[in-house]
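J.: fold the following and give me the result.
(4 chains)
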Protein chains: 2
Amino acid sequence: MTISEVSKQYGVSADTLRYYERIGLIPPVPRINGARNYDASSLSWVELVKCMRSAGVGIEALMEYARLFQQGEETLEARKALLVEQRRQMLARMEDMQRSLERLNQKIENYEQGLAKKERELRGYQT
Amino acid sequence: MTISEVSKQYGVSADTLRYYERIGLIPPVPRINGARNYDASSLSWVELVKCMRSAGVGIEALMEYARLFQQGEETLEARKALLVEQRRQMLARMEDMQRSLERLNQKIENYEQGLAKKERELRGYQT
DNA sequence: ATACTACTTGGAGTGTGCTCGAAGTCAAGA
DNA sequence: TCTTGACTTCGAGCACACTCCAAGTAGTAT
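T.: Numbers count the residues shown, from 1 in each chain, chains lettered A, B, ... in the order given. You can find the predicted model right below:
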């Protein structure tokens, strides 16, 4: 799969795909005549990175994960610990957002009440 | 309330508080001898902005909200529409995170199984 | 052979959101 | 009166995560 095909398929720009590989966030993608040829393994990396990035996981953590991965089996524990820590942070962010969402809902409700009140007043003038 | 007190209370740096006011994200804070003296109204702005920023609402949207607010009652509808749109985006982000979280949970579970298997193998060698 | 297209690398540039430094003002305490 | 400390403004600088550009190469179609 060429880089532009991957770009379309996953909604990640070719520049970003090259960037991710360059900084070691995705392990080296196999080449044909120098051009990237994404295989199943590379694609699963792309998918993972896209998924984690969209959930707010930092580049730094994903770099570390890819680095550990390429060091082999002895890093299984460390990788798991990294993922668990990222999950903890993700949950914290989600709880934060939940609170903000409730606050936002409350605010919108206030506006609805305010607007309804205003409308009643206007009707009062008209009728 | 002085800027440093607000900073401590809300966990937002004084620089950031000045920045928010400067770009119009928080309406002008009353002064005493030139120094900011946060009143209840300013504090509620700080709290709102902190809450929304932490949930990923962009500076641009909050600037627009503050701008509308300062234009008075005729912008009630527009303000509500803005909040509703931000809620929509916030929900979308949360759903995205939910999916990522599930993916992460699955991945962690895989590691747990892999590690358990490895441990069984090791025990096998030992006993 | 020539042109076209899609790819390559390396490095510089961009947008967002702060964060810091310099130079100055003001009120309180020694 | 002098110093100390907290504040002020303005503008520059920084971190993160891309995004773009220039110059070059390799396979394909005419």
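J.: and the residue nearest the centre of chain A, how far from chain B?
T.: Most central in chain A under Cα atoms, centre = their mean is A:Ser54, positioned 1.1 Å from the mean C-alpha point. For A:Ser54, the distance to chain B equals 5 Å [Cβ to the nearest Cβ, to the nearest Å]. (Glycine included, C-beta is placed from N, CA and C.)
J.: how near is that residue to A:Glu5?
T.: Using Cβ to Cβ, to the nearest Å, A:Ser54 is found at 20 Å from A:Glu5.
J.: where is the longest helix in chain A?
T.: helix A:76-126 (DSSP state H).
J.: and it with DNA strand C, contact?
T.: No - residues of helix A:76-126 contacting DNA strand C under Cβ under 7 Å from any atom of the strand: none, with a closest distance of 13.8 Å.
J.: state the mean pLDDT of that helix.
T.: Helix A:76-126 carries an average pLDDT of 91.
J.: packing partners of that helix?
T.: Here helix A:76-126 touches helix A:59-69, helix B:40-54, helix B:76-126, going by 3 or more Cβ pairs under 8 Å, 6 or more residues apart in numbering or on different chains; DSSP states H and E.
J.: residue of chain A closest to DNA strand D, please.
T.: Proximity of chain A to DNA strand D (Cβ to the nearest atom of the strand) peaks at A:Ile59, 3.1 Å away.
J.: give the contact list for that residue.
T.: A:Ile23, A:Leu25, A:Arg53 (Cβ atoms under 8 Å, 6 or more residues apart in numbering or on different chains).
J.: likewise A:Arg87?
T.: B:Leu101, B:Leu104, B:Asn105, B:Ile108.
J.: in those residues, which residue is surrounded by the most others?
T.: B:Leu104 (22 neighbours; other Cβ atoms under 10 Å in any protein chain shown).
J.: that residue contacts A:Val84, correct?
T.: No - at 9.0 Å, B:Leu104 does not count as touching A:Val84 under the criterion of Cβ atoms under 8 Å.
J.: quick one: common contacting residues for the two?
T.: Residues touching both B:Leu104 and A:Val84 (Cβ under 8 Å, 6+ apart): none.
J.: among the helices and strands packed on helix A:76-126, which comes closest to A:Arg88?
T.: Nearest to A:Arg88, of all the helices and strands packed on helix A:76-126, is helix B:76-126, at 10.4 Å by Cβ to Cβ.
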